[in-house]
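Visitor: Show me the folded form of this:
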Amino acid sequence: MKITFLKIIFISMFLTLFSCESKKKQPEPKPYKAGVILSFDDAYVDEWFDADKDLKKYSWKATFCVCRIDSIGAPQIDKLLQLQKEGHEIAGHGYHHYNAVKFVKKYGIDEYMKQEIDPMIASMKKLPFKVTSFAYPYGERSDELDKALSSKYKIIRGRAFGGQLPKKQNCYFNNSKIVFAFDIDNSHIHFSIPYLLELLDYAKKNNKILILCGHRPVKDVTANYQTKIETLEFICRYMKLNDMKFYTLSDLDNLLPQN
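Guide: Residues are numbered from 1 along each chain as shown. Alright, predicted model coming up:
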């Protein structure tokens, strides 16, 4: 009985020490200020550049996720380099803009990396763009793709689908390198200014970073995949009034818990 009792004490002490040690090893999330990430997909470089002129007065920052980099003209490349010089981020969005999930299902992950990721990395590095983030075309992703891309990129962005209550939305930074963005294009089924205001209010009140995405900034909407400049102005004014911060996707890497 005595030996058994001593064993129980020893095991209990061991488990307590092990538990404490495990707790010590858990990385602590870094504190950050409530804010917004504005990201734009595809290759609407001229429109992005014009939007930057309109929004400079707000000291805004954006992440421009570029696809088909070798099909973009030299004047547009110069504009992207200028945007990068001003503190905006240039991110990857696929060499051909393939739907990653559908492509991998048909041809496999190795072929996807060979055709869509590796040539994009090589071309963007040569230009040169400092690319550390990637946004999935069409927002479609999988755990297999996340794992394959994690060695190439520090932050990977998908899309947040649905119009749930803000507290149930996953379009806020969650201390993970895999993040999701809410679409603010006018044609997006769940987009509206009142709902966007709810998302912004939730970010402010709960000290969150709201992640948004759009495509082509325009003054007047005439087709799908267009974001009204008026919407961007609304976001910028809200942030200024509420003392919120602009982040880029790459900024999130510095906020991730470190082991």
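
Visitor: Any idea how many residues pack against residue 221?
Guide: 16 (other CB atoms under 10 Å). C-betas here are computed from N, CA, C, even on glycine.

Visitor: my bad, should have said residue 200
Guide: Residue 200, neighbours per other CB under 10 Å, totals 22.

Visitor: Tell me which stretches of this structure form strands.
Guide: Counting by DSSP state E, the segments of the chain that form strands are 35-42, 62-66, 89-92, 133-135, 155-159, 178-183, 209-214, 216-218, 226-228, 245-247.

Visitor: Which of these sits closest to residue 119?
Guide: Between residue 119 and the strands of the chain, the shortest gap by CB to CB is with strand 89-92, which sits at 10.9 Å.

Visitor: Counting by contacts, list what that closest one packs against.
Guide: Under the contact definition 3 or more CB pairs under 8 Å, 6 or more residues apart in numbering; DSSP states H and E, strand 89-92 sits against strand 62-66, helix 74-85, helix 118-126, strand 133-135.

Visitor: for the longest one, the distance to its chain's centre please.
Guide: What it means is helix 74-85. Computed by CA atoms, centre = their mean, to the nearest Å, the chain-centroid distance of helix 74-85 equals 21 Å.

Visitor: buried ones in that helix?
Guide: 76, 79-80, 83-84 (16 or more other CB atoms under 10 Å).

Visitor: Any stretches of the chain with poor pLDDT?
Guide: The model of the chain has pLDDT under 70 over residues 1-29, 259.

Visitor: circling back: out of the buried residues of helix 74-85, flag the one nearest to residue 66.
Guide: Of all the buried residues of helix 74-85, residue 66 sits closest to residue 80, with 6.8 Å by CB to CB.

Visitor: ok, the closest one to residue 203 distance?
Guide: Counting by CB to CB, to the nearest Å, the gap from residue 80 to residue 203 is 28 Å.

Visitor: before we move on, the earlier item: dump the helices and strands packed on strand 89-92 into JSON lines; add distance to residue 165 as well.
Guide: Shown next, in JSON lines, are the helices and strands packed on strand 89-92 (distance: least, CB to CB, whole Å):
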{"stretch": "strand 62-66", "distance to residue 165": "26"}
{"stretch": "helix 74-85", "distance to residue 165": "35"}
{"stretch": "helix 118-126", "distance to residue 165": "36"}
{"stretch": "strand 133-135", "distance to residue 165": "25"}
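
Visitor: Report the central residue of the chain.
Guide: In the chain, the residue lying closest to the centroid (CA atoms, centre = their mean) is residue 157, at 4.2 Å.

Visitor: hang on, isn't that residue packed against residue 213?
Guide: Yes. With contacts counted by CB atoms under 8 Å, residue 157 reaches residue 213, the gap being 7.5 Å.

Visitor: next one: stretch 76-93 to chain centre, how far?
Guide: Here stretch 76-93 is found 16 Å from its chain centre; the criterion is CA atoms, centre = their mean.

Visitor: neighbouring contacts of that stretch?
Guide: 39, 41-43, 45-46, 48-49, 52, 61-67, 72, 117, 120-121, 124, 127, 129-135, 137, 153, 157, 248-250 (CB atoms under 8 Å, 6 or more residues apart in numbering).
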